[in-house]
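Undergrad: Fold the stuff below for me.
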Amino acid sequence: MIGRTVAKSGFTVRRNSENWSGAWGPPMSNVKVKTLKLFQKVNHFPGALQLSRKDCLWRNMKKMIDQFGRSEFNFTPATFVLPEDSRRLRKIFETHGGVWIAKPPAGSSGNGIHVVSKWCEIPKRCPLVVQRYISRPRLIQGVKFDMRLYALITSVHPLLVYVYSEGLVRFATSKYIRDVEHLYDRYMHLTNTSVNKTSPRFRPNDSLDKRKGNMWSLNSLWSYLASRQQADIPKLWERVKDIVIKTIISAEAKIVETSDSTLPSKYNAYQLLGFDIILDDDLNPWLLEVNNQPSMDPDTPLCSIVKGQLAKDFLNIVGFQIPDTIPAEDARYLMEKYKQSPLCLDNRLHEITLTETEKGKQDRFVNGKNRADYLRNILDTLTPDDVRHLIRYEDEATQLGGFEKIFPTRTTYDYHKFFDKPRYYNRLLDAWEEMYASDKTRGILRLQKLCEKKYHLPGSFAALDTPRDI
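TA: Now for the predicted structure:
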């Protein structure tokens with residue numbers, strides 16, 4: 001689906017090439033990431049395995065639970081990482097029993113998953129993540145289901161997170177029976193399409209609006225739950241967004257540290273994530289896992305519809321720019337074709353080297369303890385580096401398609417307490433939202449006037465920005 005989408009946009013898809021603009025594939029090694037050219041963009045932030053590896057994800061979640069309490073992070077089932085937690089888990093088995101689900105830390109597509117009720121059923125010779133099984137899931141027509149949601153991170157410093165308004169609802173192919181005698185029926189307990197499409201009972205769906213077969217669109221599920229089960233969908237959606245934001249923040253410090261030490265430019269990376277969430281019988285959402293490279297294959301007609309639009313929308317937000325290394329003749333041809341000049345990537349827009357003035361401002365505002373300390377003054381005088389970050393921020397807002405920006409917004413300041421430490425750019429955007437969220441035109445006009453003076457470009461000697469420039 002990715003190849004088809006970029007080909008329609010005029011790009012050439014190649015399997016092996018050194019001179020490429022964008023890549024979609026597994027994570028590169030940190031050594032290879034450091035060699036990226038300034039015009040190249042990959043689909044993984046270094047360190048993002050902290051979210052997708054189930055053992056890393058749980059360790060990050062446990063850190064947050066220990067620091068902020070279970071009430072703030074009450075969306076993950078009790079989890080143990082083996083072999084390090086083997087003694088504790090065995091004691092719980094012997095004392096309380098229950099049903100558990102064991103997964104390989106880096107597994108996907110339902111491979112290597114076991115639903116168990118006895119300690120002797122857990123494999124002992126390989127690393128595992130063992131979670132309390134959600135044994136009372138919300139059912140539709142007696143069948144278990146989960147939701148595949150899509151979140152997009154375009155930057156980790158500042159943190160910019162979007163969630164897609166559409167998604168996929170994946171149904172099992174056997175009716176759910178809450179009995180240990182049926183724990184071995186993968187078609188009953190696993191909702192992965194890769195598992196259930198091998199069942200003779202699997203039925204595809206070919207419409208966003210039809211509630212049929214073993215896959216629905218997310219909005220069809222919302223319609224069903226609202227009309228048939230009286231669910232409060234806006235409230236449920238807010239809880240889902242809360243899960244996405246908190247989950248990403250749990251790993252933010254490690255991702256920022258790795259990305260800052262390896263990426264040559266902030267242009268070089270983005271991350272599309274697949275969040276798998278299940279609803280229990282009380283309609284509480286639970287995070288099952290996060291996929292760092294969600295499948296974009298058109299497994300079913302409905303997959304093709306949802307993923308086709310998803311690919312178009314997230315690639316538009318990410319924004320691939322034409323390299324500044326193309327021949328001058330090609331550049332002239334493209335400028336004439338698209339009636340735009342300049343057309344090629346200007347690396348100055350992604351400059352990460354700070355002047356002494358910019359360093360001084362960042363030190364001053366990142367060390368303030370209270371929000372009021374920076375809300376009052378951080379926007380009084382914007383540095384060229386500030387303007388570059390704000391331009392990117394507002395540019396992305398014009399390309400949302402089916403995405404919704406969920407962090408930062410004017411109402412997300414409360415999430416700042418979950419970060420490992422304050423970060424200047426997060427505070428800058430928080431203040432920008434507070435000042436301009438209700439009047440975006442005024443904020444954009446301020447940036448436009450600065451851009452006309454080329455104030456945002458390194459080496460510019462334009463006058464300092466002040467609110468009087470508005």
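Undergrad: For burial, what's the neighbour tally of residue 123?
TA: When neighbours are counted by other CB atoms under 10 Å, residue 123 registers 13. Where you see a C-beta, it was placed from the backbone N, CA and C, and this is true even at glycine.
Undergrad: and it, what is it in contact with?
TA: 102, 114 (CB atoms under 8 Å, 6 or more residues apart in numbering).
Undergrad: ditto for residue 50
TA: Applying CB under 8 Å, 6+ apart to residue 50 gives the contacts 56, 57, 60, 251, 254, 255.
Undergrad: repeat for residue 410
TA: Shown in contact with residue 410 (CB under 8 Å, 6+ apart): 433, 434, 437, 438.
Undergrad: just checking, which of the contacts of residue 50 belong to helices?
TA: 56, 57, 60, 251, 254, 255 (DSSP state H).
Undergrad: Could you point out the helix or strand that follows the lowest-mean-pLDDT helix or strand in the chain?
TA: Using mean pLDDT, DSSP states H and E, helix 328-338 stands out as the lowest-scoring helix or strand of the chain, at a mean of 84. Once the chain leaves helix 328-338, the next helix or strand it forms, by DSSP states H and E, is helix 356-366.
Undergrad: pLDDT value on residue 3, please?
TA: On the pLDDT scale, residue 3 is placed at 88.
Undergrad: Wait, it touches residue 13, no?
TA: Yes: at 4.6 Å, residue 3 counts as touching residue 13 under the criterion of CB atoms under 8 Å.
Undergrad: how near is residue 454 to residue 445?
TA: 17 Å (CB to CB, to the nearest Å).
Undergrad: Please disregard the earlier target; I meant residue 98.
TA: Between residue 98 and residue 445 the distance is 59 Å, computed by CB to CB.
Undergrad: Ok, residue 348 next?
TA: Taken as CB to CB, the span from residue 348 to residue 445 is 22 Å.
Undergrad: ditto for residue 272
TA: Distance from residue 272 to residue 445, by CB to CB: 32 Å.
Undergrad: which one of the two has more residues nearby?
TA: Shown here are residue 272 and residue 445; by other CB under 10 Å, residue 272 has more neighbours (25 against 14).
Undergrad: How about the contacts made by the more buried one?
TA: By CB under 8 Å, 6+ apart, the neighbours of residue 272 are 43, 150, 151, 152, 293, 294, 314.
Undergrad: surely residue 168 meets residue 218?
TA: Yes: taking contacts as CB under 8 Å, residue 168 lies within contact range of residue 218: 6.8 Å.
Undergrad: who touches both of these two?
TA: With CB under 8 Å, 6+ apart, residue 168 and residue 218 have common neighbours residue 147.
Undergrad: These two: which has the busier surroundings?
TA: residue 168 (25 against 21).
Undergrad: Now for residue 266: which residues touch it?
TA: With CB under 8 Å, 6+ apart, residue 266 has these contacts: 155, 350, 352.
Undergrad: does the last one really touch residue 265, like I thought?
TA: When you say that, I think you mean residue 352. Yes: with contact defined as CB under 8 Å, residue 352 reaches residue 265; the gap is 6.7 Å.
Undergrad: neighbour-wise, which of the two wins?
TA: For residue 352 and residue 265, the more surrounded residue by other CB under 10 Å is residue 265, and the numbers stand at 18 against 12.
Undergrad: Look up how far residue 259 lies from the more buried one.
TA: 11 Å.
Undergrad: Check residue 236 too.
TA: Taking CB to CB, one finds residue 236 at 32 Å from residue 259.
Undergrad: Give me the more crowded residue out of the two.
TA: Between residue 236 and residue 259, counted using other CB under 10 Å, the more crowded position is residue 259 (23 against 17).
Undergrad: Double-check that that one belongs to a strand.
TA: No: Residue 259 is assigned helix when assessed by DSSP: H, G, I helix; E, B strand; the rest coil, not a strand.
Undergrad: Let me see the contact set for it.
TA: The contact partners of residue 259, by CB under 8 Å, 6+ apart, come to 45, 46, 47, 156, 157, 269.
Undergrad: Nearest to residue 120 among those?
TA: Of all the contacts of residue 259, residue 120 sits closest to residue 47, with 37.1 Å by CB to CB.
Undergrad: Surely that closest one is in contact with residue 258?
TA: Yes: between residue 47 and residue 258 there is a contact under CB under 8 Å: 3.2 Å.
Undergrad: quick one, which of those two is more surrounded?
TA: Taking other CB under 10 Å, residue 47 and residue 258 do not tie; residue 47 has more neighbours (23 against 19).
Undergrad: Number of residues surrounding the closest residue to residue 204 other than its chain neighbours?
TA: Of all residues not flanking residue 204 in the chain, residue 300 sits nearest, at 4.1 Å (CB to CB, 6 or more residues apart in numbering). Neighbour count of residue 300, defined by other CB under 10 Å: 21.
Undergrad: swap in residue 371?
TA: Neighbour count of residue 371, defined by other CB under 10 Å: 14.
Undergrad: same check, this time on the one 4 residues further on
TA: As a burial measure, the neighbour count of residue 375 was computed by other CB under 10 Å and equals 16.
Undergrad: Verify the stated contact: it with residue 434.
TA: Yes: counting by CB under 8 Å, residue 375 touches residue 434, with 5.9 Å between them.
Undergrad: So if we follow the domain assignment, how does the protein break up?
TA: 1-75+139-179+187-319, 78-133, 351-398+408-469 (automatic domain parsing).
Undergrad: which of the ones you listed is buried the deepest?
TA: Most buried of the domains of the chain by mean neighbour count (mean count of other CB atoms under 10 Å) is domain 1-75+139-179+187-319; its value is a mean of 18.
Undergrad: helices or strands next to the helix or strand harbouring residue 447 in the packing?
TA: Using DSSP H and E, residue 447 sits in helix 440-452. On a contact count with 3 or more CB pairs under 8 Å, 6 or more residues apart in numbering; DSSP states H and E, helix 440-452 meets helix 384-397, helix 424-436.
Undergrad: Export those helices as TSV, with columns for mean pLDDT.
TA: Output for these, formatted as TSV (pLDDT from 0 to 100):
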stretch	mean pLDDT
helix 384-397	96
helix 424-436	97
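Undergrad: hmm, back to that, Serialize the domains of the chain to TSV and add fields for distance to residue 337.
TA: Listed next are these as TSV, based on distance: least, CB to CB, whole Å:
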stretch	distance to residue 337
domain 1-75+139-179+187-319	10
domain 78-133	41
domain 351-398+408-469	22
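Undergrad: nearest to residue 338, of those domains?
TA: Once those are compared by CB to CB, domain 1-75+139-179+187-319 is nearest, at 9.9 Å.
Undergrad: if we can go back for a sec, what separates the residue nearest to residue 204 from residue 291, distance-wise?
TA: Going from residue 300 to residue 291 by CB to CB gives 18 Å.
Undergrad: Likewise for residue 66?
TA: 26 Å.
Undergrad: where along the stretch 101-250 of the chain do the strands fall?
TA: Secondary structure of the stretch 101-250 of the chain (DSSP state E, counting those that start in this stretch): strands at 114-116, 128-132, 139-140, 143-156, 159-164, 168-171, 215-217.
Undergrad: among those, which gets the worst mean confidence?
TA: strand 114-116 (a mean of 91).
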